[in-house]
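*Asks:* Build me a structure from this.
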Amino acid sequence: MLARVGRRARAAAMLLWLAGSAQAAPAAHSAAMDRDLLEVTIPQLQHYYAEHRYTIAQVVDWHLDRIHRYNGVYRAIEQVFAEEARAAAAREDAATGSTHGALWGVPIVIKGNTSIEGKITTDGWEGFTIAGHELIAPRDATVVAKLRAAGAIILGHTNMPDFANSDTNRSSSFGRTGNAYDVRFSPGGSSGGTVTAVTANMAVLGTGTDTGNSIRMPAATSALIGVFPTRGLVSIAGIAPLDWLLDNTGPIARTVTDAAIALAVMAGEDELDPVTRGSAAKAQPAPYTQYLKADALRGRRFGVPAMILQGIGIPFRGTPAGVSAVAARQHADAEAVELDPRTRALFMKALDELRALGATVVMDDSILPESFALTAARISTYAYAREGADLFLRNFGPAAYRSSADYERVMGAPLGAPMIGGEVSKNHIGEVTITQRSLESDPDADANYFAPRRRALGQYLDTMQRLHLDGYVYPAIQMPPVDETMPQDGRVSEGPHSATSWVNMLGVPAVVMVGGFYESGLPFGLEISGRPFTDGDLLGYAYAYEHATHHRHPPVLVEAGLLPQAR
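*Replies:* Okay, the predicted model is just below:
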């Protein structure tokens, strides 16, 4: 059934875009405004408001104009909420009083799997855009409510691959997003729409989600700061899950300061997300800007994971305990990606920069070696996919379907296979067939999930203790962004690949920073991970590196496409 409605769904999505584009008609802007707002930071922008240089309405119009000019080529934003954004800006401008939220008047974008009240949560999938059966959110996701309350102005929902289940950014609901530094290349997935919008100055910052690398890898392709918070620091309630046991959400920004401001807004306990319970007592206190010091790297020690340099694979969503060691090794080997020599060269240069800033870098084959990868690979979550989808739909689905069973009954076709554990390539590993079950009642849950997670986290932390490490440092992805006009491994590009899904499996914090540029002009991203709930420290390290290197520069955008609009 879904195949028959594909063209209709794409047409509906295009109408959404055209409606938004028509509302975001170009406005005349002075050269001074262009100079002031290009690469503007949150503190700079709010200074302009305070001194009455610009109104919030003017700033929103400036960003809507850029969306109107460039989104047709880069296709970063699937739904543009121009009318609502202008109305919110007008309300903020008319408000009296001197007290404002941390994101007062800041234009932002929200990833398309994150609920915005009254809007379609496409999740990148045409099945949620079918006329009369759209997944229209009954309320805001927790993080969206927090961002609104802090004064942010939401410009739109960004494009993403179906169910966030790809390393590149093609969706059945909207199409392909291009890299802002070269539209022919991939921005990575699955937060590729957000990174292209933010790095192209269509918004000041945005939200991403990350199940295996999906904030960090796209941030690395696009010279941005991507924050993967300690799992439990930020609520994921209201975000359509790919894998609720691995999913996370965090800010994507052009500077560490902006990311720190946004993370403080997004963080907090939430009764709809049990993992956040007790996080306030464990977390470093906000504001996170207090950790941003130019000398934060001095005297710090970072280890380089051996498995990253060796290209050892950890299967996405893991391998159940019942799978034999031989089959598990074959499963891992199939997902191994070697470190590209160009990436290795830029990584080594970045390590020299860290050393110059007073850090010690420890490289040793015992640091997160293959044995760690084998342990982490046994953290198996696929059997609980349907449970996560049902939890989401129960609270954030439309009235017509509040479970995966409801969706199948109403639509005559099942919910997307990645959301409900129905992918043949994933639910058959070796001699084992993975069936869907409840985490709480599954007698195999400890063997398949909890115990290997405890062991892997123990190895991660024990290595830090043994070598007196403050964190781990490594390339965020194993290769440069890939050219999507060319085949990759003999087939249509699947995007650049990372070897960092173990961060999700453990739930530890990580931050990606701008590590330089390849000779091609495309960005390289450097990632640091640390102990649980040391998010402030990681932001401090990233700030010190950013403050000293100043690697980021904005892309030069084109108004005519270099590629046909492809799906």
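*Asks:* Contact partners for the residue nearest to Ala152 when sequence neighbours are not counted?
*Replies:* Counting by Cβ to Cβ, 6 or more residues apart in numbering, Ala152 lies nearest to Leu103, which is 4.0 Å off, once chain neighbours are set aside. For the C-beta atoms, the positions are set from N, CA and C on the backbone; glycine is no exception. Applying Cβ atoms under 8 Å, 6 or more residues apart in numbering to Leu103 gives the contacts Ile42, Leu147, Ala150, Gly151, Ala152, Ile261, Ala262, Val265.
*Asks:* Most neighbours among those, which one is it?
*Replies:* Within the contacts of Leu103, most neighbours by other Cβ atoms under 10 Å means Ala262, with 31 neighbours.
*Asks:* how about that residue, what does it touch?
*Replies:* Ile42, Leu103, Leu147, Leu205, Pro251, Ala253.
*Asks:* Would it be right to say that it lies in a helix?
*Replies:* Yes. Counting by DSSP: H, G, I helix; E, B strand; the rest coil, Ala262 is found in a helix.
*Asks:* what's the neighbour count on Glu370?
*Replies:* 13.
*Asks:* same deal with the one 10 residues further on?
*Replies:* Here the count is done by other Cβ under 10 Å, and Ser380 has 27 residues near it.
*Asks:* Next: Asn169.
*Replies:* Using other Cβ under 10 Å: Asn169 sits among 34 other residues.
*Asks:* If we ignore the residues flanking it in sequence, what's nearest it?
*Replies:* Gly192 (3.0 Å).
*Asks:* Surely that neighbour is in contact with Pro218?
*Replies:* Yes. Using Cβ atoms under 8 Å, Gly192 is in contact with Pro218, at 5.0 Å.
*Asks:* which residues do these two both contact?
*Replies:* Contact criterion Cβ under 8 Å, 6+ apart; residues shared by Gly192 and Pro218: Asn169.
*Asks:* List the contacts of the residue nearest to Asn169.
*Replies:* Gly192 sits next to Ala76, Asn159, Met160, Pro161, Thr168, Asn169, Thr177, Ser186, Pro218, Thr221 when contact means Cβ under 8 Å, 6+ apart.
*Asks:* now Arg552
*Replies:* With Cβ under 8 Å, 6+ apart, Arg552 has these contacts: Ala223, Leu224, Arg254, Thr255, Val514, Glu546.
*Asks:* please redo it, this time with the cut-off set to 10 Å
*Replies:* 39, 199, 222-225, 254-255, 513-514, 516-517, 523, 546 (Cβ atoms under 10 Å, 6 or more residues apart in numbering).
*Asks:* Only whichever of the residues you listed are buried, select them in ChimeraX.
*Replies:* Buried members of the contacts of Arg552, defined by 16 or more other Cβ atoms under 10 Å, are picked up in ChimeraX with:
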select :199,222,223,224,225,254,255,513,514,516,517,523,546
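*Asks:* In helices, which of the contacts of Arg552 appear?
*Replies:* Assignment to helices by DSSP state H places the following of the contacts of Arg552 there: Thr199, Glu546.
*Asks:* Show me the shaky parts of the stretch 351-500 of the chain.
*Replies:* Within the stretch 351-500 of the chain, no range satisfies pLDDT under 70.
*Asks:* now the helices: where do they sit in it?
*Replies:* Using DSSP state H, counting those that start in this stretch, the helices of the stretch 351-500 of the chain run over 370-376, 385-396, 404-411, 417-420, 424-427, 445, 451-467.
*Asks:* count of residues packed around Glu423?
*Replies:* 17.
*Asks:* which residues does it contact?
*Replies:* Applying Cβ under 10 Å, 6+ apart, the residues near Glu423 are Asn165, Arg317, Tyr382, Ala385, Gly416, Ala417, Ile434.
*Asks:* Tell me the buried residues within the residues you listed.
*Replies:* For the contacts of Glu423, a burial check counting by 16+ other Cβ under 10 Å picks out Asn165, Arg317, Tyr382, Ala385, Gly416, Ala417, Ile434.
*Asks:* Output those in TSV; the columns should cover distance to His47.
*Replies:* Formatted as TSV, the buried ones among the contacts of Glu423 follow (distance: Cβ to Cβ, whole Å):
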residue	distance to His47
Asn165	41
Arg317	45
Tyr382	49
Ala385	46
Gly416	45
Ala417	49
Ile434	54
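*Asks:* Just the closest of the residues you listed to Ile528, please.
*Replies:* When the buried ones among the contacts of Glu423 are ranked by distance to Ile528 (Cβ to Cβ), Arg317 comes first, at 24.3 Å.
*Asks:* In space, not sequence, find me the middle residue of the chain.
*Replies:* Ile215 (2.4 Å; Cα atoms, centre = their mean).
*Asks:* Go ahead and confirm that residue touches Val234.
*Replies:* No. Judged on Cβ atoms under 10 Å, Ile215 makes no contact with Val234 at a distance of 11.2 Å.
*Asks:* Pull up the overlap in contacts between those two.
*Replies:* Common neighbours of Ile215 and Val234 (Cβ under 10 Å, 6+ apart) are Thr207, Val227, Phe228, Asn248, Thr249, Gly250, Pro251.
*Asks:* Need the residues you listed in a markdown table (columns: distance to Thr534).
*Replies:* Below are the shared contacts of Ile215 and Val234 laid out as a markdown table (distance: Cβ to Cβ, whole Å):
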| residue | distance to Thr534 |
| --- | --- |
| Thr207 | 22 |
| Val227 | 13 |
| Phe228 | 13 |
| Asn248 | 16 |
| Thr249 | 19 |
| Gly250 | 15 |
| Pro251 | 17 |
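*Asks:* Tell me which of these fall in strands.
*Replies:* Per DSSP state E, strands hold the following members of the shared contacts of Ile215 and Val234: Thr207, Val227, Phe228, Thr249, Gly250, Pro251.
*Asks:* What pLDDT is listed against the first one?
*Replies:* Note for Thr207: predicted pLDDT of 99.
*Asks:* what number of residues lie near it?
*Replies:* The tally of other residues near Thr207 (other Cβ under 10 Å) stands at 28.
*Asks:* Kindly report the same for the last one.
*Replies:* Each residue near Pro251 was counted by other Cβ under 10 Å, and the total is 30.
*Asks:* What residue, apart from its backbone neighbours, is nearest it spatially?
*Replies:* Ala262 (3.7 Å).
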